[in-house]
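Asker: quick one: sequence plus predicted model below, questions after.
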2 protein chains.
Amino acid sequence: MARTTGSDGEKTEAAVREAAVSLIARLGYEAMSMRQLAAEVGVQAAALYRYFPTKQDLLFTLMREHMEGLLKAWDAARPASADPVTQLAAYVENHIAFHIERRHATHVSNMELRSLSHERLTRILKMRTAYEKELRTILRDGVEAGAFEIDDTGLTAMALIQMMTGVIVWFRPGERLSIAEVTASYLSMTMRLVGATISHGTARPSRRAGNAAAL
Amino acid sequence: MARTTGSDGEKTEAAVREAAVSLIARLGYEAMSMRQLAAEVGVQAAALYRYFPTKQDLLFTLMREHMEGLLKAWDAARPASADPVTQLAAYVENHIAFHIERRHATHVSNMELRSLSHERLTRILKMRTAYEKELRTILRDGVEAGAFEIDDTGLTAMALIQMMTGVIVWFRPGERLSIAEVTASYLSMTMRLVGATISHGTARPSRRAGNAAAL
DNA sequence: GTAATAATAAAACGAACGTTCAATTAATTC
DNA sequence: GAATTAATTGAACGTTCGTTTTATTATTAC
């Protein structure tokens, strides 16, 4: 046999991406075989090579598109207001929403970096650094404006990102907590962590209390 | 050739463990071959099987001992005082010190869980859960004592652990920050995050300010 | 309807994998 | 110093891996 009835390149490629994200997240990139992936898609292994020249090309494509999506999502979510608290809240909300929606892809992007060639690793890390820099800028602006109280903005940015991204490790939709509840909790923890003055949402704008309470 | 002069089982086994932690952390468990590991130790692949019956046995041993070490370290570091702030501070300090000292082993224990058999995965997760439960207990006690202000102790415990463990991702000894500086920063962030009242170290015991400041 | 093109199957490639086995030499025991 | 035990080598096993090649069928364009 050869070409099968109803076969369609676009659909097959989409199915390959989807299955690859899920399989790599579950088994790991090295542990997933091309034959396994092909079986998941319902196709022979050789057919995969029509869409991705090598296994590593497939991995890189998934990662690159994940990172591009993250940067684009933040670009769309970035608020017009220059208020650091508003900006930080938007960053946290966007980060958590994006990562919870893409748990598998996030796992792949975070865990399989070592399987990339040096050049491709650099490209992915560049995108990641750009994304993290956005948070550092918000924190630094907040400190300058007197809205945050932070020892070290670089360290704090890393700590916050690790904390937020970690949500995908334990969070399971449909269990005890809803996405909205989780997001609210992380927002509250973030604001406390950076020593934000109470200003976001509530009245009492610049009275320099200990830190933000409920939100 | 066969047995080499100066060969010693104990030394070889220790060298295998050390090389395995380093190689698995760098390449991943699936990507590391037994031949590669043997070469790193300066031995033939077959010699490894005198110490570990299978590749997975080797991985499991490394993970189990890492987790046992973590539990043991906390047991030794746990303060006599029942004060929640003191307890939390000790937990954070122990966690960061332990993980910074064992960056590679931590990477292995966190990233290679999926390569364990179901039964062994369960055993490792049981230890991990026991360790996390210690933190949840501290947080809950602190809330009951009025020392902490926390939405959800379970969620907060996970967030804190992700934040603290994340230090191994970006921290490099000898760079900008010392271990002591990093630990102090994480301690400060933790205390703010849980809304700790100012009590640890400083005077002014129970005046319920916004949260702990410098420490 | 015929020609061109897109999508796949089937089989095969050499290389590398985890692991086993028999042989061999070093160290230890008596 | 002979016998025993410990530590390792070197070669081989069957399997699986990523990938390539060739043939074959479905779809599309004219």
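Answerer: Now that the structure is in, tell me what you want to look at. Residues are numbered from 1 along each chain as shown, chains lettered A, B, ... in the order given.

Asker: just give me the longest helix of chain A.
Answerer: Scanning chain A for the helix with the most residues, using DSSP state H, yields helix A:118-144.

Asker: that one packs against which elements?
Answerer: Here helix A:118-144 touches helix A:55-77, helix A:84-101, helix A:153-165, going by 3 or more Cβ pairs under 8 Å, 6 or more residues apart in numbering or on different chains; DSSP states H and E. Placement of C-beta: from N, CA and C, glycine included.

Asker: how about the residues of chain A near chain B?
Answerer: A:26-28, A:30-31, A:111, A:114-115, A:151-152, A:155-156, A:158-163, A:165-167, A:169-170, A:177, A:182, A:184-186, A:188-189, A:192-193, A:195, A:209-211 (Cβ under 8 Å from any Cβ of the partner chain).

Asker: any weak-confidence spans in chain A?
Answerer: For chain A, the stretches with pLDDT under 70 are A:1, A:3, A:5-9, A:198-215.

Asker: rewinding a little: what angle do the longest helix of chain A and helix A:55-77 make?
Answerer: 20 degrees (axes from the mean of the first three to the mean of the last three Cα atoms, to 10 degrees).

Asker: what angle sits between helix A:118-144 and helix A:84-101?
Answerer: Using the same axes, to 10 degrees: helix A:118-144 against helix A:84-101 is 150 degrees.

Asker: show me how far helix A:118-144 is from its chain's centre.
Answerer: Relative to its parent chain, helix A:118-144 has a centroid offset of 13 Å by Cα atoms, centre = their mean, to the nearest Å.

Asker: how about it against DNA strand D, any contact?
Answerer: No - for a cut-off given as Cβ under 7 Å from any atom of the strand, helix A:118-144 has no contacts with DNA strand D; the smallest distance is 13.4 Å.

Asker: how about stretch A:22-32?
Answerer: Yes - Stretch A:22-32 comes into contact with DNA strand D (Cβ under 7 Å from any atom of the strand), by way of A:Met32.

Asker: how close does the closest residue in space to A:Ile100 that isn't next to it in sequence get to A:Phe171?
Answerer: Excluding its sequence neighbours, the residue lying closest to A:Ile100 (Cβ to Cβ, 6 or more residues apart in numbering or on different chains) is A:Ile179, at 5.8 Å. The gap separating A:Ile179 from A:Phe171 is 8 Å, by Cβ to Cβ, to the nearest Å.

Asker: mutual contacts of those two, please.
Answerer: The contact sets of A:Ile179 and A:Phe171 overlap at A:Ile100 (Cβ atoms under 8 Å, 6 or more residues apart in numbering or on different chains).

Asker: the two - which one has more neighbours?
Answerer: A:Phe171 (18 against 14; other Cβ atoms under 10 Å in any protein chain shown).

Asker: that one against A:Thr183, yeah?
Answerer: No - with contact defined as Cβ atoms under 8 Å, A:Phe171 does not reach A:Thr183; the gap is 10.4 Å.

Asker: walk me through the domains of chain A.
Answerer: Annotated domains of chain A cover A:1-52, A:54-215 [automatic domain parsing].

Asker: these: which one's closest to DNA strand C?
Answerer: domain A:1-52 (2.2 Å; Cβ to the nearest atom of the strand).

Asker: figure out how far the closest one is from the centre of its chain.
Answerer: 24 Å.

Asker: now swap in stretch A:144-154 and tell me
Answerer: Relative to the centre of its chain, stretch A:144-154 is centred 24 Å away, using Cα atoms, centre = their mean.

Asker: contacts for that stretch?
Answerer: A:83-85, A:88, A:136, A:139-140, A:142-143, A:156, A:194-197, A:199, A:206, A:208, A:211, B:177, B:184-185, B:188-189.

Asker: ramachandran coordinates for A:Leu116?
Answerer: The phi/psi pair for A:Leu116 (degrees, to the nearest 10) reads phi -90, psi 150.

Asker: that one and A:Ile124 touch, don't they?
Answerer: Yes - if you go by Cβ under 8 Å, A:Leu116 and A:Ile124 touch, sitting 6.6 Å apart.

Asker: what's the residue closest to the geometric middle of chain A?
Answerer: Residue closest to the mean C-alpha point of chain A, counted by Cα atoms, centre = their mean, is A:His99 at 4.3 Å.

Asker: name the nearest residue to it, ignoring sequence neighbours.
Answerer: A:Thr106 (5.0 Å).

Asker: is the helix or strand hosting that neighbour in proximity to DNA strand D?
Answerer: Element membership for A:Thr106, per DSSP states H and E: helix A:103-111. No - judged by Cβ under 7 Å from any atom of the strand, helix A:103-111 stays clear of DNA strand D, getting no closer than 14.8 Å.

Asker: quick one, that helix and helix A:84-101 angle?
Answerer: Using the same axes, to 10 degrees: helix A:103-111 against helix A:84-101 is 100 degrees.
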